[in-house]
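In: Could you look at this predicted model? Sequence included:
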Amino acid sequence: MERSGPESADLARRADPRVTQERARASDPRRQALIAVLHHWHEAVSSEEVTSKRLIEIATAQVPNSSSSRWPDFREALLNVAGEGGHINSRRLGYWLRSVKGRVVDQMRIEEGKTLHGDNRWRFRFLNSSGGYGGYGGHTLPKDCNFAERTAQT
């Protein structure tokens with residue numbers, strides 16, 4: 001007996017592996033953590049090559065003449081992936097960066113840069129739709145990122 005109507009559409013949706021993969025990606029906490037770091041990295045650091053120590057310095061920088069953090073969302077994103085005792089651990093951050101380097105998410109990725117005085121340096125890259133570098137490549141930022149609001153204020 002063939003099914004029709006909403007029930008058959010629901011069965012088709014559950015059976016479609018693309019739908020299942022999309023749901024899995026959307027709910028993957030490691031992917032969400034990487035997305036958060038990438039968006040806030042771009043906002044705070046841009047494409048400058050930096051060490052993990054420098055990333056931490058930027059993420060924890062204070063607004064001049066204030067006790068407010070300049071990049072609180074970036075700090076939270078780094079705490080999420082490399083936090084230890086309420087602080088960002090540079091060694092943990094370095095291991096995490098190595099584990100995600102080259103992984104493309106929303107047309108963005110972290111790349112390993114040149115080594116400087118024995119320290120690895122890292123950089124952020126946007127990829128365009130053909131896989132090369134440049135622009136936003138049609139990328140739209142998540143609503144909870146606040147990147148668009150901050151860009152408009154500067």
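Out: Cool, the structure landed.
In: only C-alpha atoms for contact and neighbour calcs from this point on.
Out: Noted.
In: And the average pLDDT for stretch 77-87 is what?
Out: Mean pLDDT, computed over stretch 77-87, is 96.
In: before we move on, what about stretch 118-131?
Out: 83.
In: Now it: buried residues?
Out: For stretch 118-131, a neighbour-count test (16 or more other Cα atoms under 10 Å) marks Asn120, Arg121, Trp122, Arg123, Phe124, Arg125, Phe126, Leu127, Asn128 as buried.
In: Local confidence estimate at Glu49?
Out: The model's pLDDT for Glu49 equals 95.
In: Oh, that last question was meant for Asp106, not what I typed.
Out: So Asp106 comes in at 89 (pLDDT).
In: so how many other residues sit close to it?
Out: Around Asp106 there are 17 other residues, counting by other Cα atoms under 10 Å.
In: if we can go back for a sec, for the buried residues of stretch 118-131, could you give me a markdown table that also reports distance to Leu55?
Out: Shown next, in a markdown table, are these (distance: Cα to Cα, whole Å):
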| residue | distance to Leu55 |
| --- | --- |
| Asn120 | 12 |
| Arg121 | 10 |
| Trp122 | 9 |
| Arg123 | 10 |
| Phe124 | 11 |
| Arg125 | 15 |
| Phe126 | 18 |
| Leu127 | 21 |
| Asn128 | 25 |
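In: Before we go further, Phe126 is sitting in a helix, right?
Out: No: counting by DSSP: H, G, I helix; E, B strand; the rest coil, Phe126 is not found in a helix; it is strand.
In: quick one: it from His87, how far?
Out: 28 Å (Cα to Cα, to the nearest Å).
In: What's the local residue count around His117?
Out: 6.
In: Ramachandran angles for it?
Out: phi 50, psi 40 (degrees, to the nearest 10).
In: swap in Gln62?
Out: Backbone phi and psi, for Gln62 under degrees, to the nearest 10, turn out to be phi -100, psi 150.
In: Please verify my assumption that it contacts Ile56.
Out: No: here Gln62 does not reach Ile56: they are 11.9 Å apart, not a contact under Cα atoms under 8 Å.
In: out of the two, which sits in the more crowded spot?
Out: A direct count of neighbours by other Cα under 10 Å for Gln62 and Ile56 places Ile56 higher, at 20 against 15.
In: ok, then the element right after the host helix or strand of that one?
Out: According to DSSP states H and E, Ile56 maps onto helix 52-59. The helix or strand immediately downstream of helix 52-59 is helix 72-82, counting by DSSP H and E.
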